[in-house]
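A.B. asks: Take a look and give me a structure for this.
(chains A and B)
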Protein chains: 2
Amino acid sequence: MTDPTACLLIIGNEVLSGRTRDANLQHLATELGKVGIPLREARVIPDVPETIVATVNDVRARFTYVFTTGGIGPTHDDITSECIARAFGVPWEVHEESRRLMEADYARRDPPVSMNAARLRMATLPRGAAPVVCKETSAPGFRMENVFVMAGVPRIMRSMLEEIIPTLEGGRPVLQRAVHADGLLEGNIAAALEAIQAKHPELDVGSYPYYRNGGNGVALVAKGTDEAALDAAAAEITAMIREFGKEPVQGEPPPAAAG
Amino acid sequence: MTDPTACLLIIGNEVLSGRTRDANLQHLATELGKVGIPLREARVIPDVPETIVATVNDVRARFTYVFTTGGIGPTHDDITSECIARAFGVPWEVHEESRRLMEADYARRDPPVSMNAARLRMATLPRGAAPVVCKETSAPGFRMENVFVMAGVPRIMRSMLEEIIPTLEGGRPVLQRAVHADGLLEGNIAAALEAIQAKHPELDVGSYPYYRNGGNGVALVAKGTDEAALDAAAAEITAMIREFGKEPVQGEPPPAAAG
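C.D. replies: Numbering: from 1, shown residues only, chains lettered A, B, ... in the order given. I've put the predicted structure just below:
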């Protein structure tokens, strides 16, 4: 089997305008990586029906799994669900089980919340969709073939993803070895690092400068699915750093202080 | 003149793997918004030459301006510049002025840094490109027709963008009015809010729930270029919130405590 791949669509004018900083891409990428489904592309697109429909149809044909975040709330700018129905050419209709679950939840609230036309939109799904019910809200996400539709609010997105992950057919988990060293300069080690990459074509060897109060340096990260190759690359990177007179430290550098 | 549009390409395996959280989209969107160039799409793509070339050629034909971040350092995984040359069908060659600037900078460093093959890659540009020299580094970004190529490191990206912004032909600045209220529920106000949006089709009216220690609520944000329409919409939103028995507060809600 070819390893599965994933694409994320972040849907929402608020991300493109700079009002809201996306907090879902990194979480999704990390969780999918653990189950061997590398994220291969992400797009941020506006709340424009034609754009959403065309983009969904483009990427669902090219990736094993597509995930969307945003646009499934009750207001007029929440159009993701309706657009998914259009993309698949199916009716968009009230999903009775979801409606019952939401009404039962609303009846328990204090103060009580009433079902109305706006909230009923959140129980309206493309025909054939399977709802994704999570711990954070009774309004569902859903799966339509290989497309998973999730909320944009990070707390709810994470809860929905937790339900989705066990249902996916994963691949070989992507593992990594990181080595970093203060005082290292990318421009000095580039040729030696390229030789290590060339020796391990099955790995992805990356070089990431960091800037910290305590000192600048470079983190060298090998990623891949072959443990033996990763260990060999990490040993070569470690030896290479010593040859350049710096002190290799296993693992990623500590995070920068919040700025 | 039609208002200009922009697209951002975030290039780098490290963003797609979850190792690095992008910090450039929000800054670019905000700065472009100020000069009336709305960001209409963003894509995160991997360090794969065919993907970079095809994506650049797709989006440079569809948007007024294209910005890229990432992949212009000295290591083997820094392939953006070379791929831009391929996308435009021009040679990728040493830019002598950039080389001289970098060598002069290296000569001043303590300890001294030497020009080598890896660093020379950073002075190698598509034929016809105009370098973007910034305060943070002597290795340039560049402009190639309507495509602006910037570093991925946020400090350097911001410095390059500062040089680029005054060279762009802007449009009408996108302005906004925000009103928020604790205790408001999106599902209650959705119909009334949709009526306000319908009354102002030239504006983009968005609804954004927030979750704070002090209390949950909703922020309602009108965006557009027409000040009078924005003021009218804000007044209508304010009155609408009062009708629902909540206290409207002008402006965005305070940021959530870091979590």
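A.B. asks: In contact with residue A:116, which residues?
C.D. replies: Contact analysis of residue A:116 by C-beta atoms under 8 Å, 6 or more residues apart in numbering or on different chains lists B:187-188, B:190-191. Any C-beta I mention is one placed from the backbone N, CA and C, and that applies to glycine too.
A.B. asks: Buried subset of those residues, written for PyMOL?
C.D. replies: This is the PyMOL syntax for the buried subset of the contacts of residue A:116, where burial follows 16 or more other C-beta atoms under 10 Å in any protein chain shown:
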select buried, chain B and resi 187+188+190
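A.B. asks: restrict the contacts of residue A:116 to those near chain A?
C.D. replies: B:187-188, B:190-191 (C-beta under 8 Å from any C-beta of the partner chain).
A.B. asks: Okay, and which of the contacts of residue A:116 map to helices?
C.D. replies: Counting by DSSP state H, the contacts of residue A:116 place B:187-188, B:190-191 in helices.
A.B. asks: So which of those residues is the closest to residue A:130?
C.D. replies: Within the set of the ones in helices among the contacts of residue A:116, residue B:187 lies nearest residue A:130; the separation is 23.4 Å, counting by C-beta to C-beta.
A.B. asks: My guess is the closest one contacts residue A:113. True?
C.D. replies: Yes: between residue B:187 and residue A:113 there is a contact under C-beta atoms under 8 Å: 6.9 Å.
A.B. asks: got any residues that touch both of those two?
C.D. replies: residue A:119.
A.B. asks: Pick the one among the contacts of residue A:116 closest to chain A.
C.D. replies: Checking the contacts of residue A:116 against chain A with C-beta to the nearest C-beta, the nearest one is residue B:190 at 3.2 Å.
A.B. asks: Please name the residues that touch the residue lying closest to the closest one once chain neighbours are set aside.
C.D. replies: What sits nearest to residue B:190 in space, not counting adjacent residues and going by C-beta to C-beta, 6 or more residues apart in numbering or on different chains, is residue A:118, at 3.2 Å. Shown in contact with residue A:118 (C-beta under 8 Å, 6+ apart): A:74-75, B:186-188, B:190-191.
A.B. asks: If we use 10 Å, what do you get?
C.D. replies: When contacts are counted by C-beta atoms under 10 Å, 6 or more residues apart in numbering or on different chains, residue A:118 touches A:73-76, A:78, B:185-194.
A.B. asks: Restricted to buried residues, select those in PyMOL.
C.D. replies: Per 16+ other C-beta under 10 Å, the buried members of these correspond to this PyMOL selection:
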select buried, (chain A and resi 73+74+75+76+78) or (chain B and resi 185+186+187+188+189+190+192+193+194)
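A.B. asks: Break chain A into its domains for me.
C.D. replies: Per the record, chain A has its domains at A:6-167, A:175-250, by automatic domain parsing.
A.B. asks: between those, which one is nearest to residue B:61?
C.D. replies: So among the domains of chain A, domain A:6-167 is nearest, using C-beta to C-beta, at 15.5 Å.
A.B. asks: Point me to the helix or strand that includes the residue lying closest to residue A:87 once chain neighbours are set aside.
C.D. replies: Leaving aside its sequence neighbours, residue A:87 sits nearest to residue A:56 (C-beta to C-beta, 6+ apart; 4.2 Å). Assigned by DSSP states H and E, residue A:56 falls within helix A:49-60.
A.B. asks: go on, residue A:155?
C.D. replies: Assigned by DSSP H and E, residue A:155 falls in helix A:154-164.
A.B. asks: can you list the residues that contact that helix?
C.D. replies: Contacts for helix A:154-164 (C-beta under 10 Å, 6+ apart): A:22-24, A:27-28, A:31-32, A:65, A:67, A:69-70, A:72-73, A:131-137, A:139-143, A:148-151, A:153, B:209, B:211, B:259.
A.B. asks: what's the spacing between residue A:77 and chain B?
C.D. replies: Applying C-beta to the nearest C-beta, to the nearest Å, the value for residue A:77 to chain B is 5 Å.
A.B. asks: hang on, isn't that residue packed against residue B:222?
C.D. replies: No: contact criterion C-beta atoms under 10 Å: residue A:77 and residue B:222 do not qualify, at 11.6 Å.
A.B. asks: who's more crowded, the two?
C.D. replies: Between residue A:77 and residue B:222, counting by other C-beta atoms under 10 Å in any protein chain shown, residue B:222 is the more crowded of the two (24 against 21).
A.B. asks: Was I right to think that one contacts residue B:233?
C.D. replies: Yes: between residue B:222 and residue B:233 a contact is recorded at 4.3 Å, counting by C-beta under 10 Å.
A.B. asks: Give the residues shared as contacts by the two.
C.D. replies: B:177, B:179, B:196-197, B:200, B:203, B:205.
A.B. asks: So the closest residue to residue A:10 other than its chain neighbours: helix, strand or coil?
C.D. replies: Leaving out its chain neighbours, the residue that sits closest to residue A:10 by C-beta to C-beta, 6+ apart is residue A:44, at 4.4 Å. Here residue A:44 is recorded as strand under DSSP: H, G, I helix; E, B strand; the rest coil.
A.B. asks: dump the residue contacts of residue A:44.
C.D. replies: A:8-13, A:15-16, A:22, A:25, A:69-70, B:7-8, B:10, B:22, B:25, B:29, B:39-44.
A.B. asks: Let's see that with 6 Å instead.
C.D. replies: Residues in contact with residue A:44 (C-beta atoms under 6 Å, 6 or more residues apart in numbering or on different chains) are A:10, A:15-16, B:42.
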